[in-house]
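*Asks:* Next input, structure requested:
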Amino acid sequence: MAASVSEFFESLKTVDASRTAGMRNSYQFDIEGAGQWLVKVEDGSIDVSEGTGDADCTISANEENFMKIVNGEQNATSAYMTGKLKIKGDMGAAMKLQKLF
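*Replies:* Next comes the predicted model:
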């Protein structure tokens, strides 16, 4: 369980490579109240950097809702359906994010 948004993004670097094998996607996270992160997944390797960049999709949420999602207290699909989580760009890439959680 992540204690902060920064801690969550830091923990992505240690995700088991087998969980993201074959994935080649990039994600821009805009977390209101916490910052922005660019996550690039390249066949098992995950690169995380603060800031913005070119990405297949952009995920936006406020800090409270994002933390509920990453800690399993809020379902990401229902958060999306109720507008608490916004996704722009490649929805197929966004669906692959489930491998990281």
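
*Asks:* Touching, G35 and F8? I think so.
*Replies:* No. Under the criterion of C-beta atoms under 8 Å, G35 makes no contact with F8, lying 11.6 Å away. From N, CA and C alone the C-beta is placed, and that goes for glycine too.

*Asks:* Look at these two and report which has more neighbours.
*Replies:* The residue with more neighbours, out of G35 and F8, is F8; 23 against 14, by other C-beta atoms under 10 Å.

*Asks:* For that one, what is the enclosing helix or strand?
*Replies:* Following DSSP states H and E, one finds F8 within helix 5-11.

*Asks:* Need the residues that contact that helix.
*Replies:* 2, 29, 31, 34-35, 37, 39, 48, 50, 63, 66-67, 70 (C-beta atoms under 8 Å, 6 or more residues apart in numbering).

*Asks:* pLDDT value on F101, please?
*Replies:* In this model, F101 is scored at 65, pLDDT.

*Asks:* All the helices of this structure, residue numbers only.
*Replies:* Ranges of helices in the chain, per DSSP state H, are 5-11, 63-70, 76-81, 91-96.

*Asks:* just so I have it, where are all the strands in the protein?
*Replies:* Taking DSSP state E to define them, one finds strands in the chain at 24-32, 35-42, 45-50, 57-62, 85-89.

*Asks:* quick one: low-confidence ranges for the chain?
*Replies:* 101 (pLDDT under 70).

*Asks:* If we use 90, what do you get?
*Replies:* 1-2, 13-17, 19, 44, 97-101 (pLDDT under 90).
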